[in-house]
Structures are given as structure tokens and as C-alpha cells.
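>>> Sequence and predicted model, in that order:
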Amino acid sequence: MIIQLKKDITEQERENILEQLQLLDITPQPVKTNFKEYIVGIVKKEFDIRQIGNMKGIADIHRVSDSYKMVSKKWKLHNTIIDLGDGIKIGNDELAIMSGPCSIESEKQIESVVDHLLKNNVKIMRGGVFKPRSSPYSFRGMGIDGLKMFYKHCSENGIKVISEVMQVSQVEEMLDYVDIFQVGARNSQNFNLLDVLGQVDKPVMIKRGISGTIDELLYSAEYVFSNGNEKILLCERGIRTFERAARNTLDLSAVPILKDKTHLPVIVDPSHGVGIRKFVPTMALAGVMSGADGVIMEIHETPEKAFSDGQQSLYYQQAEKLYKELRQTKELVNSF
């Protein structure tokens, strides 16, 4: 059960509601977010909802049977739209495209990518500065100095930044230099990190775990929401299966399932999902056809020289063609 409280609720009204919940053997969990104040009620037995619904201070009340209550679609009339400012939104009828290199490598590279994005009207740049790598000897990013340089060039050109945060200690130092925090697949169930990201006023995109289920992804989102942050995106980035023909198995069935279960925007990552350059455009288009609100993809001016993930990064010319096709496909989906 979710109780939405009125903005002008008094302390006495709040106490009366909590007392009534306890009398009904309902465990209350207060949740105060960027936008509103709620009480999540853990119901142990059947009760007449009118015993609560008419109380002063309550704006609305919803029965939600899902264990992940705040991210469930069952209580929201409209899907969540993430507003990044400057007219850039995710979750509306427009397709959000996030494009950039796997790793930020140099200032010259940033300038090159920014020019490419401006030319193609792409408003969000991805790029890692803290890189979780399977081998400890691989390039692991330029760190916070690289992020500051990344953010400076993007903000000067009206482009928003999404970059991966790997641990709790990085959140505060990254806060002023990202527009979206990305939680990678390896950290999808790092609950300490999710708790802290629930306390910041910046959007958070959570990638599905390497072997994670859809429900586990939703529970991860619930951690962020329950700690106060409603600005959440979910990302299908492929899961590890017994198949070895591609880097991962991009589970596009997850997109309509997530859209049915949650009010949060859903993003598809075809670069990590398939891991092979020539198949990325096909899977990106399929992701949009499956109902995704956006696509996050890797590009590089010279992928063969990339410090990481060059085999799945598109050349600029390939990316330019794909942007057009993605937008045309989104228009087609919107017409259904």
C-alpha cells in the first residue's frame, strides 16, 4: 500500500495516520523524495481501506501488491519523465539518445565527440572515467580530473553528461560534474551505493546485473526510490547466458515487461548487449521497436585505437546513419 501525503500536512495529521496504521497492524515506512512525501504500508492482513483513505492529510492511497512498491506501475497514472533541464527529457514521446566513448581518453577526444554530437543533435554524452575492468592491467579511466574536463566541454555546448559511479566515496566528488549517475551491471546490487544515490538530487540509471533478473533490477530501483530519489532510469544491457556467439544476450523481452511493470523510463544498451560492432545498429533499432524510451551506445572516431571496447564501438559515420534510423523508428512506434 502507498499513501501519498498532502504538501500542507500538519505534524498532528501525520501522527494520526501513523497511529491508525499501527492499530490496523500495518507497518509504516515513510518515504520523502525530491517531489513528494509518502508512507509505504506493509500490510499483514486484509482491512477496509476506507479506515485510512478519508483521514486528513492524505492526498491519495493505492493498493500495491508488488514487493517493489514505489517503482510499480500500479499506483502511477502517468509514466515518469526525467527532466534534465534545457528542454532535454527522457520518457516522453521523443527518443533519448546517449552516445559517446566507452572511456574518456583525452581532451582532444572529448572535443571530437562533442562536435559529432552537436552535428547530429544528440543531447547526452556517455563516457566512463572510473572503469570497472575484468583485468586489473586494462585502462581504468582518467578519474575525477577527466570527468571535470568532460563536463566542462559538454556543459559549454548544451550537452548533458552520463558517467558511471563505482563506489560510495565517488558520489560526492562526481555530483557537480554529472547530469546522470550510471550504476553499472557489476554494481546493480551494491545496496550501499544505491542507498546513497537515493539521497542525491540527480537522475540515476541502473543497468541490469550481468546475470540479474528483471525483478532484481526493479528491487535495485526501489532502493534508490525509497531513499528519496524518484529520478530513476532502468537499462537492459544484456545478460550472461550459455550462448557465446555474442558478448552477452540482449534480452529485448525485458523492455515490454519492464514497461508493463514500472512507470520508470527504460533504456537499451546494444553496445554491451551484443558486443559486436556490425550487430549494434540492428539491436538498437530492435530495442526501439520493443518500446525503449532511449538508447545508450558507444562510438569512437577510430575504434581500433580505443582504450576499451573498441570492438563494439561504432565509427562516426555508422553512428550518424543510426541516429536517423532510430528517430524514424521511434516515430513509427509512436504512430501505433
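Happy to help now that I have it.
>>> Give me the next element, helix or strand, following whatever helix or strand Phe181 lives in.
Phe181 belongs to strand 180-183 when assigned by DSSP states H and E. The element immediately downstream of strand 180-183 (helix or strand, assigned by DSSP H and E) is helix 191-197.
>>> How about residues contacting the helix or strand of the chain with the lowest mean pLDDT?
The helix or strand of the chain with the poorest confidence is helix 50-53; it has a mean of 86 (mean pLDDT, DSSP states H and E). Where contact means C-beta atoms under 8 Å, 6 or more residues apart in numbering, the residues beyond helix 50-53 that reach it are 3, 17, 20-21, 24, 58, 61. C-beta here means a position set from N, CA and C on the backbone, and glycine is covered the same way.
>>> go again using 6 Å as the cut-off
With contact meaning C-beta atoms under 6 Å, 6 or more residues apart in numbering, helix 50-53 is reached by Ile61.
>>> From here on, call the first residue 34.
From this message on, residue numbering opens at 34, which makes the last subject helix 83-86.
>>> That one: how far from the chain's middle?
35 Å (C-alpha atoms, centre = their mean, to the nearest Å).
>>> Could you do stretch 311-321 as well?
19 Å.
>>> Dump it to CSV, restricted to CA.
Provided in CSV are the C-alpha atoms of stretch 311-321 (Å, rounded to 0.1, in the frame of the first residue of the first chain):
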residue,chain,number,x,y,z
LYS,A,311,28.2,-4.8,-37.0
PHE,A,312,25.2,-6.0,-35.0
VAL,A,313,24.8,-2.9,-32.8
PRO,A,314,22.6,-1.0,-35.2
THR,A,315,20.2,-3.9,-35.7
MET,A,316,19.8,-4.4,-32.0
ALA,A,317,19.5,-0.7,-31.3
LEU,A,318,16.6,-0.5,-33.8
ALA,A,319,15.0,-3.6,-32.3
GLY,A,320,15.3,-2.0,-28.9
VAL,A,321,13.3,1.0,-30.0
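>>> Check which residues of the least confident helix or strand of the chain are buried.
Across helix 83-86, burial judged by 16 or more other C-beta atoms under 10 Å covers Ile85.
>>> Likewise for stretch 346-362?
Buried, per 16+ other C-beta under 10 Å, within stretch 346-362: 346-347, 349, 351-352, 355-356, 359, 362.
>>> Turn those into TSV, including distance to Gln203 and pLDDT.
As requested, the buried residues of stretch 346-362 are exported to TSV (distance: C-beta to C-beta, whole Å; pLDDT from 0 to 100):
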residue	distance to Gln203	pLDDT
Ser346	24	98
Leu347	28	98
Tyr349	30	98
Gln351	32	98
Ala352	28	98
Leu355	31	98
Tyr356	31	98
Leu359	31	98
Thr362	35	98
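>>> next helix or strand past the least confident helix or strand of the chain?
Next along the chain after helix 83-86, taking DSSP H and E as the criterion, comes strand 91-95.
>>> Name every strand pairing with that next one and say which way it goes.
Counting by DSSP bridges, the strands paired with strand 91-95 are strand 35-38 (antiparallel).
>>> Quick check: buried residues in the partner strand?
Quick answer for strand 35-38 (16+ other C-beta under 10 Å): 35-36, 38.
>>> Contacts made by the helix or strand just after that strand with the rest, please.
For strand 35-38, the following helix or strand on the C-terminal side (DSSP H and E) is helix 44-56. Helix 44-56 is contacted by residues 61, 74, 88-90 when judged by C-beta under 6 Å, 6+ apart.
>>> Can you tell me which of these is nearest Met131?
For these, the minimum distance to Met131 (C-beta to C-beta) is 36.6 Å, reached by Gly74.
>>> Secondary structure class of that closest one, three-state.
Under the three-state scheme (DSSP: H, G, I helix; E, B strand; the rest coil), Gly74 adopts strand.
>>> Nearest residue to Asn260 in space, ignoring adjacent ones along the chain?
Spatial nearest neighbour of Asn260, chain neighbours left out: Gly231 (2.4 Å); criterion: C-beta to C-beta, 6 or more residues apart in numbering.
>>> Torsion angles phi and psi at that neighbour?
phi -70, psi -10 (degrees, to the nearest 10).
>>> which stretches of the stretch 84-233 of the chain aren't confidently modelled?
Counting by pLDDT under 70, the stretch 84-233 of the chain shows low-confidence ranges at 164-167, 169-173.
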